[in-house]
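Novice: generate a structure from the sequence data that follows.
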Amino acid sequence: MDPHLLRTYVTVARLASFSEAARELGYTQSAVSQHIAALEGDLGAPLLTRRPVVPTLAGERLLEHAGPLLLRLDAARADVVRIAAAPRYGLTLAATATALGPAVLGALPPAGVTLRVLPRTGIPAAVATGTADLGLVDGLAAPSDPLRLADVAPLTTRGVAEEPVSVLLPAAHPLAGRAGLRLADLSDARWLDAPDAALPLAQLRAATGGGAFRPALRYEGTDVRALTALTAAGHGLTLLPRQAAAGVPGTVAVPLTAPRVVHRTELLHGGSPGEAAADLVRQLAGAG
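Specialist: Sure, this is the predicted structure:
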């Protein structure tokens, strides 16, 4: 299967248009049509209906494979380029909003750093494809257990921090006076669904073996302060690392007592990191 043709197919399927795909890729519409026809001929199956432009059942299945396949190719290219490239000054760090604790921020070099706050799912891909030198991802895990990350490329991972988690509630909430809370007792509460600014609801469900954890409001952003303001205003509960939850006006942070889980942060890098990146790896690994 020609990856060049596969990229064209993914673009057409995403945009639902041959002409829009041609514009984005810099091809003629005729060339895009030829790419799709060649890929369909190679696989022996129609991949798209034409009016409207929608993937067929076979096309949908191909899309499931296409993302990881193309990402692996991009990661391989980035890995080779990284080895062959001359040393360069500075580093780019991709991180989730809640992975940027005091230890991480204190370890950053005084100059030459580009910090990119990304969704959790985008960080392994950013490191694998070379758009970031290092990545910091976080999540809910049993103490000392590694996070479950997508296998996008051969990346080195190491734990750099673990801390307790707290349930953030409005100050007037009936449970705000508790000394501790069990997650299973809160599955039917009003929750904020903020996958990129808090610990995702899917992780809460996994930690309790089920439970509803229905979202009252979805926040599609990475600003933790905006998230905590929503909690203070009574729009829903959220689960945060202890340091991120502490001292938020109008809220109370109650420690989570069960299940026994922690907020875990892991550092990702591929190949041999450059000098500045290697220094940060050593500092964070020592702190963890």
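
Novice: okay, CA-based contacts and neighbour counts for the rest of this
Specialist: OK.

Novice: how much space separates the residue nearest the centre of the chain from residue 138?
Specialist: With distances taken as CA atoms, centre = their mean, residue 120 lies nearest the centre of the chain, 1.4 Å away. Distance of residue 120 to residue 138, computed by CA to CA, to the nearest Å: 8 Å.

Novice: equivalent analysis for residue 72, please.
Specialist: Using CA to CA, residue 72 is found at 22 Å from residue 138.

Novice: Provide a list of residues in contact with the residue nearest to the centre of the chain.
Specialist: Residue 120 makes contact with 95-96, 137-138, 196, according to CA atoms under 8 Å, 6 or more residues apart in numbering.

Novice: what's the answer for residue 19, then?
Specialist: By CA under 8 Å, 6+ apart, the contact set of residue 19 is residue 29.

Novice: and it, helix, strand or coil?
Specialist: Three-state assignment for residue 19 (DSSP: H, G, I helix; E, B strand; the rest coil): helix.

Novice: just the pLDDT at it, thanks.
Specialist: Per-residue pLDDT puts residue 19 at 94.

Novice: and residue 237, backbone torsions?
Specialist: Backbone torsions for residue 237, taken as degrees, to the nearest 10, come to phi -90, psi 160.

Novice: any regions of the stretch 1-150 of the chain where pLDDT drops low?
Specialist: Within the stretch 1-150 of the chain, the segments meeting pLDDT under 70 span 79, 81-89.

Novice: picking that back up, more neighbours: residue 72 and residue 138, which one.
Specialist: residue 138 (26 against 19; other CA atoms under 10 Å).

Novice: I'd like to know how many residues surround the closest residue in space to that one that isn't next to it in sequence.
Specialist: Spatial nearest neighbour of residue 138, excluding adjacent residues (CA to CA, 6 or more residues apart in numbering): residue 265 at 4.2 Å. If you count neighbours by other CA under 10 Å, residue 265 ends up with 27.

Novice: mind telling me what element residue 265 is part of?
Specialist: Element membership for residue 265 (DSSP states H and E) is strand 262-269.

Novice: who touches that strand?
Specialist: Strand 262-269 is contacted from outside by 99, 124, 127-128, 133-143, 146-147, 155-165, 240-241, 281, using CA under 8 Å, 6+ apart.

Novice: just these: which are in strands?
Specialist: 134-141, 156-163, 165, 240-241 (DSSP state E).

Novice: now the helices: where do they sit in the stretch 151-288 of the chain?
Specialist: 201-208, 224-232, 242-245, 275-287 (DSSP state H, counting those that start in this stretch).

Novice: of these, which is nearest residue 76?
Specialist: Closest of the helices of the stretch 151-288 of the chain to residue 76 is helix 275-287, at 19.6 Å (criterion: CA to CA).

Novice: for the closest one, packing partners?
Specialist: If you count contacts as 3 or more CA pairs under 8 Å, 6 or more residues apart in numbering; DSSP states H and E, helix 275-287 packs onto helix 102-107, strand 156-163.

Novice: sheet-wise, list the partners of the last one with their directions.
Specialist: Right, strand 156-163. strand 262-269 (antiparallel) (DSSP bridges).

Novice: returning to what we had before: out of the contacts of strand 262-269, which end up buried?
Specialist: Taking 16 or more other CA atoms under 10 Å as the criterion, what is buried in the contacts of strand 262-269 is 99, 124, 127-128, 133-141, 146-147, 155, 157-162, 164-165, 240-241, 281.

Novice: hang on, the earlier thing: so for residue 39, which of the helices and strands packed on helix 275-287 sits nearest?
Specialist: Distance to residue 39, taken as CA to CA, is lowest for strand 156-163 among those, at 34.7 Å.

Novice: orientation of that closest one relative to helix 275-287 in degrees?
Specialist: Angle of strand 156-163 versus helix 275-287, following axes from the mean of the first three to the mean of the last three CA atoms, to 10 degrees, is 50 degrees.
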